[in-house]
Structure formats: C-alpha cells, structure tokens
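Student: sharing a sequence plus its predicted fold:
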Amino acid sequence: MATQEVQPNETLTNLKAESDTLKTKLEDERAKLHDVELHQVAEKVDGLGQFIMKTRRTLKGHGNKVLCMDWCKDKRRIVSSSQDGKVIVWDAFTTNKEHAVTMPCTWVMACAYAPSGCAVACGGLDNKCSVYPLSLDKNENLAAKKKSVAMHTNYLSACSFTNSDMQILTSSGDGTCALWDVESGQLLQSFHGHASDVLCLDLAPSETGNTFVSGGCDKKANVWDMRSGQCIQSFETHESDINSVRYYPSGDAFASGSDDATCRLYDLRADREVAIYSKESIIFGASSVDFSLSGRLLFGGYNDYTINVWDVLKGTRVSILFGHENRVSTLRLSPDGTAFCSGSWDHTLRIWA
Amino acid sequence: MARDMSDIDILKMELEQLKKEVSTPREPVSKTSKETMDWCEAASGTDLLITGVPDDKNPYKPEKGGCIIT
C-alpha cells in the first residue's frame, strides 16, 4: 500500500469542516426540542416582592485583591485567599480572623474549606493545590503542616473537596481538571477536553451522582463523569471566557457567568441553554455566580463592582447591590442560605443578608 | 494538556467529543422547564432569602455595633 502524503493544512481544513458539520447537526437536534422559553413557562409563577439585602459585615485584613472564598459547613467560618499570597480563615459572625497562612506565591486564585472544617486547600501561581490542616492552637505555624496534593503545569484556577476530606478536584490554566487523593497526592483521574485555560468548576449536588461542570477560556462549559473521566455534555453559547459555573440546587441545570457580561442557565436534560440573564446596561464581565437555596435567585458578581440579583425563572433582574469599591471576584451563598459572601479587588469581603 | 497540544490534536479531540454528543438523549424544554419550575416552587418555602428571616433569628442582623450574646 502506497503511503499517503498528508498535507497538514488539508487535514486541518478537513477536520474543521467535519467539526462544523457536526456542530450544526448538534444545534439542529437541540433546536428540535426547544419548543418553549423558560420565562414563558414561568409566566404563571408569582413575581418576587421587593428584595432588600445589605452589607451586614465587612471583613478587612487582606493586603491586596481578594480572589476566592469558601464557606465552612458550620455556616460561620470562611476561608479567603488573595493576590498578596495570604489565606485567611474568618469567623463571619464576629469578623475575627482565626488563622492566617502565607503562601510561597502571590495570586492565590483558589481556596476551599474541607467538609470536616478541619482543613483548607489553596493554590494559584505555584501551579499546585496544597492542603493545610487547621490547628486549634492559634500559635501553631500552619505552614509547617502543609501538604502538596495537586501538581499542574500551569496556574491553579479552582479547587474543591469532594464529599470528604480525602479527595480534591482541581482546574488549571493548563487546560485540564484533575481529581486527587489528598493523603497520597496521587492523581486519580484527569479530565481533558477544554481547548484552553479552565477557569472554574463546580461539583454536582451529592444526590445527583458523580459529575461536575467546568468552564474555560474556550467559552465552553463541560459536564464530566468523575469516574470515567469522560465529558458527557458540552455547551458553547457564551461569547467570551466563562469565569464561574454553579449547579442549580436540583442538579438538573447549571448557571455560568462570563466576560461577555451575561449569565446563562443550561438545562442538562434538555441539553441546551434555556435562559440568558443580561441587560444592555450591563457591559462588564460577570466573575462569579451562585443560586439561593431554592434556585429562584441567581446572584452575579460583576467587574463593574456590583452584584446583580436575577429571578432565575422569569429572567428579570430583581435587585442591584452596591458596596464594593472594585471588581467583585468571588461570591458564595452560606450553607444554610441565610446570607452570601462576596470578595473583591477592593481587598475586602462582605456578608450580605 | 491543552496548552501543549497542536491545533490538529485539539480539533481531533473536539471531533471525538461532538460525535458522542450528537447522540445524547435529550428532552423537550417545555417538559424540563416545568420540572425546574416545580422544583423551585416546592423548595421556595425553605429558601430563607425569599421567605425572609426574622431579625432575631438571623445571626447577621442587626449590623455589628454591639455584641451578640447567644
């Protein structure tokens, strides 16, 4: 059999053409089932009353931009990380700082609280995710007990413990996500499919099984099976980087926030985008999103320093929250749903209730 | 790692993924939206940001100015 000379440009063009044909077919299949809009179905739902939320606590102490935060399951402790390399554990009720760790790198872009409340994980420009057990002894040097768990070949953008303190899921600027065993540091599963930096991830609510969603600079949101490492579903409707993804509390949908100034809702069973939360007056990117407990409200932190609150079903904006003096970079609802915390480039965190 | 892959490899990866996705089972939006709405309405009773929490039960109200004795 004569060897075929493969012209690189031809193959690239052929592959692209095949890819475009399949993308069109996928869109057609999805469009067939797009028989109604979510807000139309939601017309008969009562509108929400006036919505007032104010800053109830301001957590001051970081020396530079706050990049990430996470709540402890005890509903009062918070871990936050900053560009200045510091990771701080706060008591949100009293605003006291309980622990502080100085990382060996700046831009600590990711931090997470362990389900037990006994440890925190963090990482960033060091390309790693490290776990620090939290000591009851305030004088103990936490850095001494640090355990390096994850190793990527580029920055760590997000991390999350799974159901236990034993496993961590990470996403990275190297384009992959990975699942790690905390004790041994072993890589359990890696997830390939993004064409560029992965910026965010969120685990499905535990009742709905072993999946997670990730968003990236390739404008795609991918849903993954944690055991097989396979990408189950992929959505590409955003027009720019996806900075944040969060599952709807039922686990059947997820929201995303993007540099294209919109937040969107994707329904996993219909396999399509079902709502866009946007306004002509909102032109700055959304950096972080989270739902209220029932999923009726979507909170979005934006680069124009505001937090917009959306009625998820009706697609309308319910409220704008002002207070931060620079970009809102991170936002999460408290575990019992009574409040949410936002972190900002203005060096502070705010608790809203 | 995506950053180390050539354009051709990335396209091949995308193509493999698209082939799988075209045959994903999916349901009509009218059905799934109704289910989402029903779930949301059923859960709204427990959503404290919608139902509201009386000030004396909310640890974050009143604003910090005095001390809270529990």
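Tutor: That came through, no problem.

Student: which residues does the helix or strand of chain B with the lowest mean pLDDT contact?
Tutor: Least confident helix or strand of chain B, by mean pLDDT, DSSP states H and E, is helix B:7-22 with a mean of 87. With contact meaning CB atoms under 8 Å, 6 or more residues apart in numbering or on different chains, helix B:7-22 is reached by A:8, A:11-12, A:15-16, A:18-19, A:22-23, A:25-26, A:29, A:192-193, A:195, A:230-231, A:233-234, B:2, B:5. Where you see a C-beta, it was placed from the backbone N, CA and C, and this is true even at glycine.

Student: show me the residues you listed that map onto helices.
Tutor: Among the contacts of helix B:7-22, DSSP state H puts A:8, A:11-12, A:15-16, A:18-19, A:22-23, A:25-26, A:29 in helices.

Student: format these as TSV; extra columns: distance to chain B, pLDDT and neighbour count.
Tutor: Below are the ones in helices among the contacts of helix B:7-22 laid out as TSV (distance: CB to the nearest CB, whole Å; pLDDT from 0 to 100; neighbours: other CB atoms under 10 Å in any protein chain shown):
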residue	distance to chain B	pLDDT	neighbour count
A:8	7	61	10
A:11	6	84	13
A:12	6	86	14
A:15	4	89	17
A:16	6	90	15
A:18	6	92	16
A:19	5	91	17
A:22	4	92	17
A:23	6	91	16
A:25	6	92	14
A:26	5	91	20
A:29	6	90	16
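
Student: mind picking the two most distant members of these?
Tutor: A:8 and A:29 (31.7 Å; CB to CB).

Student: quick check: beta-bridge partners of residue A:307?
Tutor: residue A:301, residue A:321 (DSSP bridges).

Student: so where's the chain uncertain?
Tutor: Just going to use chain A. Chain A contains residues with pLDDT under 70 at A:1-10, A:138-139, A:208.

Student: nope, chain B
Tutor: For chain B (pLDDT under 70), the answer is B:1-4, B:62-70.

Student: again, only using 50
Tutor: B:65-66, B:68, B:70 (pLDDT under 50).

Student: strands of that one, residue ranges please.
Tutor: Taking DSSP state E as the criterion, chain B contains no strands.

Student: and what of the stretch 101-250 of chain A?
Tutor: Under the criterion DSSP state E, counting those that start in this stretch, the stretch 101-250 of chain A contains strands at A:110-113, A:119-123, A:128-133, A:147-151, A:156-161, A:167-172, A:176-181, A:187-192, A:198-203, A:211-216, A:221-225, A:231-235, A:242-247.

Student: can you add mean neighbour count and distance to chain B and give these back as a markdown table?
Tutor: Putting these into a markdown table (neighbours: other CB atoms under 10 Å in any protein chain shown; distance: least, CB to the nearest CB, whole Å) gives the following:
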| stretch | mean neighbour count | distance to chain B |
| --- | --- | --- |
| strand A:110-113 | 27 | 18 |
| strand A:119-123 | 28 | 17 |
| strand A:128-133 | 23 | 15 |
| strand A:147-151 | 18 | 12 |
| strand A:156-161 | 26 | 13 |
| strand A:167-172 | 27 | 8 |
| strand A:176-181 | 22 | 6 |
| strand A:187-192 | 17 | 7 |
| strand A:198-203 | 24 | 8 |
| strand A:211-216 | 25 | 9 |
| strand A:221-225 | 23 | 9 |
| strand A:231-235 | 21 | 6 |
| strand A:242-247 | 26 | 12 |
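
Student: turn those strands into TSV, columns for distance to residue A:95.
Tutor: What follows is the strands of the stretch 101-250 of chain A, written out as TSV (distance: least, CB to CB, whole Å):
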stretch	distance to residue A:95
strand A:110-113	17
strand A:119-123	18
strand A:128-133	21
strand A:147-151	29
strand A:156-161	25
strand A:167-172	28
strand A:176-181	33
strand A:187-192	38
strand A:198-203	27
strand A:211-216	32
strand A:221-225	35
strand A:231-235	39
strand A:242-247	25
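
Student: so which of these gets nearest residue A:81?
Tutor: It is, among those and with distance given as CB to CB, strand A:110-113, at 4.0 Å.

Student: for that closest one, packing partners?
Tutor: Identification of packing neighbours for strand A:110-113 by 3 or more CB pairs under 8 Å, 6 or more residues apart in numbering or on different chains; DSSP states H and E yields strand A:66-71, strand A:77-82, strand A:119-123, strand A:156-161.

Student: let's see that with 10 Å instead.
Tutor: Contacts defined by 3 or more CB pairs under 10 Å, 6 or more residues apart in numbering or on different chains; DSSP states H and E place strand A:110-113 against strand A:66-71, strand A:77-82, strand A:86-91, strand A:119-123, strand A:128-133, strand A:156-161, strand A:167-172.

Student: now for residue A:281: which residues touch it?
Tutor: Shown in contact with residue A:281 (CB atoms under 10 Å, 6 or more residues apart in numbering or on different chains): A:261, A:304, A:317, A:320.
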